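Student: Below are the sequence and a predicted model; questions follow.
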Amino acid sequence: MPLLLALVVFLTIAVVVFAFGAATVAPSSVLGARLREIGWQRPRQHDKPAMRERVQQALDPLSRALPISPTDVSKTRAWLIQAGYRDPQHVSIYRGLRVLFAGLGLVTAFLISGFSSPLLLGGLFGFGFFIPRFLLKRKMQERQRRIRLGLPDALDLTVICVEAGLPLDQALTRVGTDLSHSHPELSAEFHLFELETRAGKPRVEALRNLAARTGVEDVRALVGTLIQTDRFGTSVAQALRVHSDSLRTERRQRAEEQAAKTTVKMIIPLVLFVMPSLIFVTVGPAVIQLMRLLLPVTGGHR
């Protein structure tokens with residue numbers, strides 16, 4: 001009898017514990033939801049913000065400290081887009097970096113000379129303030145140079161695609177896909193052109209946006225050619241072929257111009273580094289020999 005009673009108690013406790021656990025773990029259980037509300041289940045840890053978001057949160061108060069007009073904002077936004085930074089948050093990051101570098105320059109000047117040198121304070125403050133702008137300009141020029149170098153290849157592929165029967169929009173899309181490894185900047189711009197045309201934007205407006213995003217004069221000339229071709233209904237392939245030939249001619253002329261400038265640019269290193277060594281090698285032994293011959297003579301006369 002005691003053994004039977006113990007077995008019944010054990011089974012009862014086991015069934016109660018199993019039912020309680022099943023009711024708690026079940027997703028649709030009211031008891032489980034109630035327990036989770038009162039804190040039985042540990043809350044999930046929120047993912048840490050990305051590094052870019054943390055940098056933006058740190059620089060956002062600094063960016064507000066710099067008064068700037070809407071015209072300057074649009075100009076800065078255009079520079080950032082031409083440098084490859086299309087996110088609107090990059091404007092705040094750029095302005096915050098300018099204020100941060102200016103403050104670092106001011107602190108550095110104060111640690112060096114205190115308030116005894118206002119010229120040093122103003123110089124390092126201005127130098128730190130213009131460092132981000134200088135780096136942005138260099139980034140923008142480098143990206144424009146890569147786009148300019150990849151444009152002739154893109155035009156040749158576009159001519160082939162158009163002559164094969166593809167319309168201009170699909171031809172630029174195919175060219176952007178093919179150039180994704182060799183010229184990624186130009187490929188990204190063609191991809192954005194494709195997205196704008198798919199969204200319903202007119203082709204002329206999408207082409208003008210393409211020229212504005214790159215800021216390259218060759219791309220502006222290409223866009224002007226394509227707009228005129230679309231307006232007057234002339235052959236796109238013929239216009240692209242003529243423009244490609246003229247672009248390659250301009251590219252060769254730029255290379256010849258840079259080669260002609262090389263002789264002038266080499267004068268300064270030649271005068272500063274090569275000429276002194278040549279003078280020492282050629283005239284040095286003669287000067288030493290003259291000194292050996294003339295010094296005893298002058299010493300004897302004395």
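Tutor: Here it is on my side, so go on.

Student: Show the contacting residues for Glu196.
Tutor: 205-206, 209 (Cβ atoms under 8 Å, 6 or more residues apart in numbering). Yep, even glycine has a C-beta here, placed from its N, CA and C like the rest.

Student: same thing but at 7 Å, please
Tutor: 206, 209 (Cβ atoms under 7 Å, 6 or more residues apart in numbering).

Student: And for Arg146?
Tutor: With Cβ under 7 Å, 6+ apart, Arg146 has these contacts: 183, 185.

Student: Apply 6 Å and report the result again.
Tutor: Glu185 (Cβ atoms under 6 Å, 6 or more residues apart in numbering).

Student: host element of it?
Tutor: In this structure, Arg146 sits in helix 118-163 according to DSSP states H and E.

Student: show me where the stretch 151-300 of the chain has helices.
Tutor: 168-178, 184-198, 203-214, 217-232, 236-265, 267-269, 275-301 (DSSP state H, counting those that start in this stretch).

Student: Can you pull the poorly scored residue ranges out of this structure?
Tutor: For the chain, the stretches flagged by pLDDT under 70 are 1-12, 14-73, 298-302.

Student: Would you map out the domains in it?
Tutor: Using automatic domain parsing, the domain ranges for the chain come out as 52-141, 145-257.

Student: Quick one, which of these gets closest to Pro296.
Tutor: domain 52-141 (55.5 Å; Cβ to Cβ).

Student: Figure out how far the closest one is from the centre of its chain.
Tutor: How far domain 52-141 lies from its chain's middle: 16 Å, per Cα atoms, centre = their mean, to the nearest Å.

Student: chain center to the helix holding Arg146: distance?
Tutor: 9 Å.

Student: likewise stretch 169-184?
Tutor: 20 Å.

Student: buried set for that stretch?
Tutor: Neighbour counts over stretch 169-184 (16 or more other Cβ atoms under 10 Å) mark 171-176, 178-179, 183 as buried.

Student: just the residues you listed now: which is nearest Gly114?
Tutor: For the buried residues of stretch 169-184, the nearest to Gly114 is His183 (52.1 Å; Cβ to Cβ).

Student: what's that closest one in contact with, if anything?
Tutor: Gly150.

Student: Give me the phi and psi for it.
Tutor: Backbone torsions of His183, given as degrees, to the nearest 10, read phi -130, psi 80.
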